[in-house]
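Sequence first, predicted coordinates after that:
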Amino acid sequence: MSLAIIDAREWQNTFDLETGQPQTSESPAADMAARVLSRHPYPGDVDEKANQWVTGTALELIDRYDPDLVCVSYVQQFFADRHFRYARKERERLFASAMEEAERFIEKSGFTPVIVGTGDMIPLKGEMDLSGLDGLAVSSNWSARYCGIHAPSRHDMAFLDSLDTLERIVSRDQWIQMFATAQHDLEIHQDTNLMPDFLLAARQGHAFKTMGTTLRKPVHIPAKNFLVPVFSPLGRVDDLRDIKPLIRSRLPDHKIALILVEGVGERFFPASRFMCQNGVDWFCNEPGDAFYLTVSTGKHQPFAYPAGYRFFDKDADAIKFPFSGYMDTIPEHTLAQDFPGKSIAVGNRSMFMHMVFGVDISIECFARNLFNQGCMAVVHREDK
Amino acid sequence: MKCHFCERRCDLADGRSFCGNFAEENGKIKERWPDQWCTYSPSRIESVPFYHAYPGSRSMIIGTAGCNFRCRYCSYGFIACKDPAQLQDVMYTIAPEKLVAMAKKMGCHNIVFNVNEPAVSLPSLQRVKKYAEKQDIPMGCLTNGYITPEATQMMAEIFSFVHIGLKGFSDAFYKEFVGIPHIAPILRNIETFSRTCHVEIASPVIEDVNDHELFDIARFIHDIRQDIPWHVFRLLPEHNMKQSVYPNIDRMNQALETSRSLLPYIYFHNFVGSRWVNTLCPGCGEVVIKRFSLGCSGDRLDAFLAPDNTCTCCGTAISMLGTRVGWNDKQTTVWESVI
């Protein structure tokens, strides 16, 4: 059983990660993780110190658990830049300081890094309001480029065709087929009946306003980042899917840190960076679960939790993994899942760090829509 | 001309109302932004949170912009505490009949006004009610209760279930943390609503600020009707209180202990993993409704163990508006593309 230790500041509780039921635990690893949590209260998603929290927490967890593989995410700059307007210089500083924090972690930990940026952020030019369709438009809090359309009428399709800011309309079958061609063992775990009839992709700089999008209007959104920066002394890769095999092949003789830095593009990376393919044809992953899962599993993952999914028709009363956001199963083939060495993850991308990497122990913030609820540790295994 | 929706009773001759939603036009009060909504999303009714109304149901959450309060800790300050004129690019314009059709399309059992204060958009909500009633979709809301008797009457006609914020129990608290002079209208309106609607009450607790008022609030609720559910929220420091200390959960829970002898349905939550979100039978103390809390707007029903709203152990009736419904009961939309 995987244990979730929730720290809501000066108050901790342990739960069964899958059922959400309270548990008592005598697990030494859970006890250790709880102590680390209590020493590192989370400052908040957009707080200046949120990335330092990642480094500090990861270093202490390394000190106490001695892992061979560490997965880290730095996301403060993404949340801040997405929601708040900064002067140009301040914005530059925001992204540069995220990279400095990653470098500080590498220096202090001594791990060999694989740093992956999710690509640049650009100003929001405009939004397409699709609330008036006869069918139903569904996007999500963190998506900008994609939106699903369910049961559109002919009138809806004519309206969508008229939108200059819409890059393309792709049928569900075309969308699936494109990835099935690119990935022969493509997996679709979700109910395809709840997937949209059509996926919409916005032109660069544009986003959607639909059911499910955030109340906070974004200031910046991800660019179309078909190429994202990667830095690693371990060697060059050409595609996000190649990162997993690279790391796994070098773990026998290296302690490795996979570091994801969200919202950060090429120019903030070291000169010896290289650019890496993100996605297929017209579909690039935005920062989020699909991006993380592609890196971690070495496979395309647009359908793990598809864009435009009619999530509310699936949402029953007693769901599994209630602390894991919309993830309802532990993904297979993840980076550390069958790794015999010790592994940890720490990050301020909340509610899925413990799911996407398959590590033994993880610590992440527990924030929803920027509301700071505290932190969570998850102990998947402690038999190493 | 005075606005008659909230107890601020703004003089509209001065321009617009404090909330920014009303102005005078040809001797009448004009709603400046009719049919403008900041959201329309399905969610669990427990997430609002309503714990004793239609358990397990799917609510369409709606809201507008602007508020008659300026709570220093407002979680939705970026919508509620802003001038609605500045937010028009984030709003959706949806006619009332379309909004109700949307609720139906998304399989929602009810419509709940959340996010900001409904009194600032009552004319629009009256129009929604007209169509919701035809579709047999009940409406509920969260309100701060600082509204006129006329608006209270209007709201009682629109909403069959109302969650009222009773944020403290003194004029001093309301003056300093909310920006209004008197608590009296709120207490008056809680009593009025309790005679006409299903009522639940919420009180955010701020350590060393209003925790000493908890028992007074409990006694006030008890004197109206002791089966009114009371939600005590641990303050989530937001908006202008971002730097404040999070209230200590154990100490706040301890502060509630004496109140528990007065009220059978006290819930202490607004933080992830709360242990105080289940309903216990007032007769025998058995758990009759299990819930799970993810903190702000993240609560859900876990198990409903009181068929026909009755404790299976001792037969005591559990106070409830409606009864358990299935999440997908109302999903009748045939999701077939016509293309």
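Okay, I see it. Numbering: from 1, shown residues only, chains lettered A, B, ... in the order given.

The closest residue to A:Ile319 other than its chain neighbours in helix, strand or coil?
Nearest non-adjacent residue to A:Ile319, counting by Cβ to Cβ, 6 or more residues apart in numbering or on different chains: A:Asp328, 6.1 Å away. To be clear about C-beta, it is placed using only N, CA and C from the backbone, and glycine gets the same treatment. Classification of A:Asp328 by DSSP: H, G, I helix; E, B strand; the rest coil places it in coil.

So which residues on the stretch 151-300 of chain A come close to chain B?
Within reach of chain B by Cβ under 8 Å from any Cβ of the partner chain, the stretch 151-300 of chain A has these residues: A:151-154, A:157, A:193, A:197-198, A:209, A:211-212, A:215-217.

any chance of these in TSV, plus pLDDT and neighbour count?
Output for those, formatted as TSV (pLDDT from 0 to 100; neighbours: other Cβ atoms under 10 Å in any protein chain shown):
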residue	pLDDT	neighbour count
A:Ala151	95	21
A:Pro152	96	24
A:Ser153	95	14
A:Arg154	95	10
A:Met157	97	19
A:Asn193	89	10
A:Asp197	96	20
A:Phe198	97	25
A:Lys209	94	20
A:Met211	89	23
A:Gly212	79	23
A:Leu215	81	17
A:Arg216	86	16
A:Lys217	88	16
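
So which of these sit within helices?
A:Arg154, A:Met157 (DSSP state H).

Now the two most distant members of the residues of the stretch 151-300 of chain A next to chain B.
Based on Cβ to Cβ, the longest span within those runs between A:Arg154 and A:Arg216 and measures 34.1 Å.

how close does the closest residue to A:Tyr326 other than its chain neighbours sit to A:Thr192?
Distances taken as Cβ to Cβ, 6+ apart place A:Tyr305 nearest to A:Tyr326, at 5.8 Å, with adjacent residues excluded. Separation of A:Tyr305 from A:Thr192 (Cβ to Cβ, to the nearest Å): 13 Å.

who's more crowded, those two?
A:Tyr305 (21 against 12; other Cβ atoms under 10 Å in any protein chain shown).

In contact with A:Gln183: list those residues for me.
Contact analysis of A:Gln183 by Cβ atoms under 8 Å, 6 or more residues apart in numbering or on different chains lists A:Lys299, A:His300.

Next: A:Arg248.
A:Arg248 is in contact with A:Leu335, A:Phe339, counting by Cβ under 8 Å, 6+ apart.

name the element it belongs to?
Using DSSP states H and E, A:Arg248 sits in helix A:243-250.

Distance-wise, check the residue in the stretch 151-300 of chain A positioned nearest to chain B relative to A:Phe283.
Among the residues of the stretch 151-300 of chain A, A:Asp197 lies nearest to chain B; the distance is 4.0 Å by Cβ to the nearest Cβ. Distance of A:Asp197 to A:Phe283, computed by Cβ to Cβ: 17 Å.

can you give me the helices for the stretch 1-150 of chain B?
Using DSSP state H, counting those that start in this stretch, the helices found in the stretch 1-150 of chain B span residues B:77-80, B:96-105, B:122-134, B:149-158.

Return the set of buried residues in the third one.
Okay, so that is helix B:122-134. Under the neighbour-count criterion of 16 or more other Cβ atoms under 10 Å in any protein chain shown, helix B:122-134 has B:Leu122, B:Ser124, B:Leu125, B:Arg127, B:Val128, B:Lys129, B:Tyr131, B:Ala132 buried.

And for the last one?
If you call a residue buried by 16+ other Cβ under 10 Å, then helix B:149-158 has these buried ones: B:Ala151, B:Thr152, B:Met154, B:Met155, B:Ala156, B:Ile158.

Would you format these as CSV with distance to A:Tyr86 and pLDDT included?
Formatted as CSV, those follow (distance: Cβ to Cβ, whole Å; pLDDT from 0 to 100):
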residue, distance to A:Tyr86, pLDDT
B:Ala151, 41, 98
B:Thr152, 44, 98
B:Met154, 44, 97
B:Met155, 41, 98
B:Ala156, 46, 97
B:Ile158, 42, 98
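
ok, the residues you listed vs chain A, which is closest?
Chain A lies nearest to B:Ile158 out of the buried residues of helix B:149-158, by Cβ to the nearest Cβ, at 22.1 Å.

For the stretch 101-250 of chain B, which residues score under the pLDDT cut-off?
Counting by pLDDT under 70, not a single residue of the stretch 101-250 of chain B qualifies.

again, only this time at 80
Low-confidence segments of the stretch 101-250 of chain B, defined by pLDDT under 80: B:238-239, B:242-243.

For it, which residues are neighbours of chain A?
Near chain A, when you scan the stretch 101-250 of chain B using Cβ under 8 Å from any Cβ, you find B:Met102, B:Lys105, B:Met106, B:Gly107, B:Val115, B:Leu236, B:Glu238, B:Lys242, B:Tyr246, B:Asn248, B:Ile249, B:Asp250.

Can I get those in TSV including neighbour count?
Shown next, in TSV, are these (neighbours: other Cβ atoms under 10 Å in any protein chain shown):
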residue	neighbour count
B:Met102	23
B:Lys105	21
B:Met106	21
B:Gly107	19
B:Val115	22
B:Leu236	21
B:Glu238	21
B:Lys242	14
B:Tyr246	19
B:Asn248	16
B:Ile249	22
B:Asp250	9
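
Just the closest of the residues you listed to B:Gly298, please.
Nearest to B:Gly298 out of those is B:Leu236 (Cβ to Cβ; 11.6 Å).

correct me, but the closest one touches B:Pro247?
No - applying Cβ atoms under 8 Å as the test, B:Leu236 and B:Pro247 come out as separate, 9.5 Å apart.

what's near enough to touch the residue nearest the centre of chain B?
Nearest residue to the geometric centre of chain B (Cα atoms, centre = their mean): B:Leu142, 2.0 Å. With contact set as Cβ under 8 Å, 6+ apart, B:Leu142 has these partners: B:Val48, B:Val112, B:Phe113, B:Asn114, B:Pro118, B:Val162, B:His163, B:Ile164, B:Gly165, B:Ala202.

quick one: which of these is nearest chain A?
The closest of the contacts of B:Leu142, once distances to chain A are taken by Cβ to the nearest Cβ, is B:Asn114, at 10.6 Å.

Look up which residues are beta-bridged to residue 280.
This is for chain A. Under DSSP bridges, the beta-bridge partners of A:Val280 are A:Phe283.

um, chain B though
Beta bridges link B:Leu280 to B:Val287 when assigned by DSSP bridges.
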